[in-house]
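J.: Any chance you could fold what I've pasted below:
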Amino acid sequence: MFDLKKGLTIFQKEILDILRDKRTIISMIVVPILIIPILTYGVTWFAKIQMKKMMEKEAVVILQNAQNFPALRDALQKEEKIRIIENILDTTAAIAMLRDETAQAIIIIPQQWDSLKFTLGQIPYDTLQILSLKTKEEAQIVVNRLNQKIEELRKEYSKQLLLRAGMDAEILKPFEISQVDVSTPTEIGGKLLGMMLPYMLILLTLSGAMYPAMDLTAGEKERGTMETLLISPASRLDIVFGKFLTILTVSIVTALLTIFSIFFTSSGLFLTISEEIRTKLNLHIDFTIVATVLVLLIPLSATFSALLMTLSLLAKSYKEAQSYVSPMVIVTIFPAMMSMFPGVKTNLAFSLIPILNVSLLVKDAFTGTLEPLYLITAFFSSIVVAAIAMRICVVTFNKESVLFRI
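T.: Numbering: from 1, shown residues only. Predicted coordinates:
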């Protein structure tokens, strides 16, 4: 028979033991608080350094048949950080230079072009080719610069042709195109947070439950302290409840610390961006979002806690438990990543699928598109899944062959 007081006593005892365990403290507190700022600022800093290096590095451009388009040659010679090579006419040899990164791009001007055509104002209906390796980031930066310069020359040449024909050059631009984004700053900022945050929350919730689950089951078997609990006045149901509540608490604390860490990190990063971009974004986490996340994460944490506890019970050592629970990370990753996939929207079917429903609905909460029906459906379906997982855990804990496996 279940005794709540005894179950809470077990919970208190396990919490104290957990707080003495360095591995759990690291996964519950240190990782959520430190890993997000380190990753965010570290990746941003590294990306800026790499971009600066690529922009400052001299680019080599092989220009074939340069005499047929002297305006392009002159324009590229005036460009900083671009060096032109004109004496390599063998395209195969030029491509080899692309592959060994001694050159970043090849411009092939058609043989049919010559300076006379351009002087007379004739139109060269041919294709100017730019060869590069799209797998090389540096090459693509150079190609973008080349495309911009060639487009400027093409527009200028078109204007000259029209002027010689006695036509207004404005005919090339008969009307303007204006793209207006009516998204609010909150929606734009919410989209950015809503893509990555669900994935990180789900995985950190899982990792927060993983270490205490292994320590309170397989770890106690290995240390020989499980028998001490079994001969105490507490029933097995009390013991399961106390251990489960401990694992659940650690998992939820990890999720909460993750939310607050992301909030403070995004706020700090927000201050480092330009004023123009800052006015277009509104990165914030209000009470409604936090409440929604908790409504979804509590039953998910309960499911993780019960399943991880069950799997760890099957092991006779901490190391063996690690091999049992590791596949759960792989199973969790794909549905957790669905928030980052374009075009994937929450519907009634998705709101019934564990993990996937949390991933999509947390994203909806941040973007302001949350449907109450899907939230209610996801919550109760997660409760059912958590109850089934808890039942499996209780049945497993009552098996002597599992508890005293040697």
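
J.: Can you give the domain ranges for this protein?
T.: What the record gives for the chain is the domain set 4-37+185-403, 59-172, from automatic domain parsing.

J.: Those domains into CSV, with extra columns for mean pLDDT and mean neighbour count?
T.: Quick note: C-beta positions are derived from backbone N, CA and C, even for glycine. Converted to CSV, these look like this (pLDDT from 0 to 100; neighbours: other C-beta atoms under 10 Å):
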stretch, mean pLDDT, mean neighbour count
domain 4-37+185-403, 79, 18
domain 59-172, 82, 15
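
J.: Now render those domains as TSV, adding distance to W45.
T.: Compiled in TSV, those are given as follows (distance: least, C-beta to C-beta, whole Å):
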stretch	distance to W45
domain 4-37+185-403	10
domain 59-172	17
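
J.: wait, which of those is closest to K53?
T.: With C-beta to C-beta, the closest approach to K53 among those belongs to domain 59-172: 9.0 Å.

J.: Could you pull up the contacting residues of L197?
T.: L197 sits next to 262, 339, 362-363, 366 when contact means C-beta atoms under 8 Å, 6 or more residues apart in numbering.

J.: Could you point out the longest strand of the chain?
T.: Secondary structure of the chain per DSSP state E: the longest strand is strand 59-64.

J.: picking that back up, from the contacts of L197, which ones fall inside helices?
T.: Among the contacts of L197, the ones falling in helices (DSSP state H) are 262, 362-363, 366.

J.: close enough to count as contact, T396 and V402?
T.: Yes - between T396 and V402 there is a contact under C-beta atoms under 8 Å: 5.6 Å.

J.: Mind listing the shared neighbours of these two?
T.: Common contacts of T396 and V402 (C-beta under 8 Å, 6+ apart): 313-314.

J.: picking that back up, format the contacts of L197 as JSON lines; extra columns: distance to T249.
T.: As requested, the contacts of L197 are exported to JSON lines (distance: C-beta to C-beta, whole Å):
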{"residue": "I262", "distance to T249": "21"}
{"residue": "S339", "distance to T249": "26"}
{"residue": "V362", "distance to T249": "21"}
{"residue": "K363", "distance to T249": "26"}
{"residue": "F366", "distance to T249": "25"}
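
J.: Of these, which is the nearest to I247?
T.: Using C-beta to C-beta, V362 comes nearest to I247 of these, at 21.5 Å.

J.: Next, the contact list for the closest one, please.
T.: Applying C-beta under 8 Å, 6+ apart to V362 gives the contacts 194, 197-198, 201, 292-293, 296, 339.

J.: do you know how far R164 is from I108?
T.: R164 sits at a distance of 28 Å from I108 (criterion: C-beta to C-beta, to the nearest Å).

J.: no, scratch that, I was asking about R154
T.: 16 Å.

J.: Please apply the same query to E170.
T.: Distance, E170 to I108, using C-beta to C-beta: 32 Å.

J.: Since that was my last question, I'll sign off now.
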